[in-house]
Each structure stands twice: as structure tokens, then as C-alpha cells.
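Colleague: What follows is a protein structure lacking sequence information:
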Ligand SMILES: [Zn+2]
């Protein structure tokens, strides 16, 4: 069954909002779902269905960001404060509801309902992203149904599920269904090459075939392989590539992946980033580079994409974080600040 034949009714205009389409930075494949979202005003209820690792969370964050975006141009801009908070999971009006994989209970849906009637804090909308929706039992789903039917007009609900048939037909009929499909091996290859720039091309190609179009699976495989063979220069080259490439989503995803590192590894990583940025500065001033290939390529990329002033600003930011690593910052905290500060520094 194609995705289009499974789209059910449930479109609703939200007030006087003028819909200007949306874009999908960093989200691979699924052209049908993208075309649907681009062509219609936002709905108050979506089901995002697809196997584990197919991008449900990423797409939910992008739609939520588009709904609260205050930037210019097609949303989500990923630069305005509401977009950044949504992507980082800190927007007070974009609420993730999960219950440790067990699905929400009816009491939790009732609590969510009370919350929905409290007006949004910062945005014009309040968005509830409900994870593992297939685990909700019938009474929880019926409580959810009532909320979908008569919730406040500013509220939006995203039900994420890997088994859409476990949802009641009445619930499904109130939602726009977005069925995520595996991406093609070619799309996976391009996406993974962008995400893991330091990796061997053949390895990326093999993984892009083996993952059967499920990018989350491919990311896990490549990240697992990277574990235990921590190489600060490879990691730093990856970071610098993302910084120069101008995708904040890519940068933040990388920052999240740093959280698993020890303090020592993070320090080595920050030192390597600082080194590459200095190389980039030399390169941008016309200096000769006699480094090995990976280091020279990273330096050239920095020189090509960032101004001298921005390189210097980012080096200063790295040095500050490096000092903070010496005392009380945890790796996760440090990684998050690194992405945010670098992004702000260059934009
Ligand atoms: Zn925005």
C-alpha cells in the first residue's frame, strides 16, 4: 500500500495562520511525506508511523519547529530561538510524552489533557509528541481520541508509532498519517557520507546497503564501530565539516553523540578541533599546508566556508570550553554548549 492511499481525513486549518510550506533540513528520502506536508496547512493531529530508526523523532521535531518558527523564509529556519529550542528538546510548548516504552496510561492522558488547556508559554501553539503510541491500551486511546476531537485549537498532537495498526480506527481517522518508508541505498549513501565525513567510502557504501533504508540503524552501526577506537582527529574533522557545512541539525546531532565520551576523550577532541581551526586560519591567510590528507582537507574546508573573524571567534569558544572541562562540566553539558556556542559564533 502506498503512503498516499493510506492518508486519512483530518486536515484542519489552524485559525488564521498563513501556511507557507515547510522544508526538511537533514531529513532524507520520504519525498511523498514531504510533498504532503508542503502542500497542506498544518493539521492539529499527525500519526508518524515507521519502523524503529526510520526518522519519526527527527520528522516530529522538524514539524514542531516549523509550527513555532519565528524566522524568515520557509520554516523551520533552525536559526530562530523557538526552532533551536525545539530541536534541542527544551521548548516549553513542545512536550515529549513518553513512559519508558510502555505507552501512556489513561491517567497520564488525562494529565496531558489538563496541561493542553493551559495556554502555551512562548509559542502560538502547544505541541504534544506522544512516543510509543501503539502501546497505549484502549482506554488510554479513547481518552486520547476525546482530546483529538475537542482539544483547544492551539494544541497539536503527534502520535509516534512503529505499528499503526495497533491504533484504534477512530484515533486514526482524526489524524493525518505520515508513513515513513525506508530510503533508497543511494539516498542512504549520500546522507551517511554527509553525517560521517571522515569514514571510509566503501564502509559507508556497505552500511548504506546493509541498513535496508533505515538510517537510524546505519547510524547505530557506524557509531558502534567508532566506539572503542576513539580518534580525536577523525571526530574533530567531522565536527569542523558540520560547522562549515552550515547545518545546525547536523551539528547538534554530533554534539549529542559526544555525550558518551569520557572527560579525557572530550578534552582530546576539543584540542583537535582547536588545532584544525588554527590550520584553517593559516590556510585562509594563504599559508602552506603540509599536513596529512585528512587534516589538510579539514583546514581547507574551514578556510573556504568561514571568515577569519569567525574562525578566531570559534577558537576562543573552544578554548573557553577547554578550560571549563578542567573543572566541573560534564561531557554532555559541554558538548551541548559547544554546538550552541559554535553555531551562535558563526551565524
Ligand atoms: Zn525558526
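Modeller: Received, thanks. The shown structure was predicted, so the numbers you read here are calculated from the model rather than taken from an experiment.

Colleague: Please report how far residue 311 lies from residue 30.
Modeller: Computed as C-beta to C-beta, to the nearest Å, the residue 311 to residue 30 distance reads 36 Å. The C-beta positions use only the backbone N, C-alpha and C, and glycine is treated the same way.

Colleague: How about the residues of the stretch 151-300 of the chain by the ion?
Modeller: Residues of the stretch 151-300 of the chain lying near the ion by C-beta under 5 Å from the ion: none.

Colleague: coming back round to it: neighbour count: residue 311 and residue 30, which is higher?
Modeller: Between residue 311 and residue 30, counted using other C-beta atoms under 10 Å, the more crowded position is residue 311 (26 against 23).

Colleague: Quick check: closest non-adjacent residue to the more buried one.
Modeller: For residue 311, the nearest residue in space outside its immediate sequence neighbours is residue 281; the separation is 4.9 Å by C-beta to C-beta, 6 or more residues apart in numbering.

Colleague: how many neighbours does residue 200 have?
Modeller: With other C-beta under 10 Å as criterion, residue 200 counts 9.

Colleague: quick check: longest strand of the chain.
Modeller: In the chain, taking DSSP state E as the definition, the longest strand is strand 155-161.

Colleague: Report the next helix or strand after it in sequence order.
Modeller: As assigned by DSSP states H and E, the chain's next helix or strand after strand 155-161 is helix 169-173.

Colleague: What is that next one packed up against?
Modeller: For helix 169-173, the packing partners by 3 or more C-beta pairs under 8 Å, 6 or more residues apart in numbering; DSSP states H and E come out as helix 138-150.

Colleague: Output the contacting helices and strands for the helix it packs on.
Modeller: Packing contacts for helix 138-150, counted by 3+ C-beta pairs under 8 Å, 6+ apart, involve helix 106-116, strand 155-161, helix 169-173.

Colleague: Now do the buried residues in the shortest one.
Modeller: When you say that, I think you mean helix 169-173. Residues of helix 169-173 classed as buried under the neighbour-count rule (16 or more other C-beta atoms under 10 Å) are 171, 172.

Colleague: what's the answer for stretch 165-183, then?
Modeller: Counting neighbours by 16+ other C-beta under 10 Å, one finds that the buried residues in stretch 165-183 are 167, 171-172, 174-183.

Colleague: Give the burial count for residue 296, as a bare number.
Modeller: Using other C-beta under 10 Å, the number of residues around residue 296 comes to 14.

Colleague: All the helices of the stretch 151-300 of the chain, in order from the start?
Modeller: Per DSSP state H, counting those that start in this stretch, the stretch 151-300 of the chain carries helices over the ranges 169-173, 185-195, 201-210, 215-226, 232-245, 248-257, 263-284, 293-305.

Colleague: ok, and what's touching stretch 107-119?
Modeller: Under the contact criterion C-beta atoms under 8 Å, 6 or more residues apart in numbering, stretch 107-119 has outside partners 95, 97, 99, 104, 126, 128, 130, 136, 140, 143-144, 146-147, 151-152, 154-155.

Colleague: Quick check: mean pLDDT of it?
Modeller: Looking at stretch 107-119 alone, the average pLDDT works out to 93.

Colleague: Might you quantify the distance of it from its chain's geometric centre?
Modeller: Between the mean C-alpha location of stretch 107-119 and the chain-wide mean there is a distance of 26 Å, by C-alpha atoms, centre = their mean, to the nearest Å.

Colleague: Could you do stretch 175-186 as well?
Modeller: Stretch 175-186 sits 16 Å away from the centroid of its parent chain (C-alpha atoms, centre = their mean).

Colleague: Name the nearest residue to residue 97, sequence neighbours excluded.
Modeller: Nearest-residue entry for residue 97: residue 130, 4.9 Å, with adjacent residues in sequence omitted and distances by C-beta to C-beta, 6+ apart.

Colleague: next one: residue 322
Modeller: Closest residue in space to residue 322, ignoring its immediate chain neighbours: residue 270 at 4.7 Å, by C-beta to C-beta, 6+ apart.

Colleague: now do residue 71
Modeller: Once its chain neighbours are removed from consideration, residue 71 has its nearest residue in residue 77; the separation is 3.0 Å (C-beta to C-beta, 6+ apart).

Colleague: Next, count neighbours for that neighbour.
Modeller: By other C-beta under 10 Å, the residues close to residue 77 number 19.
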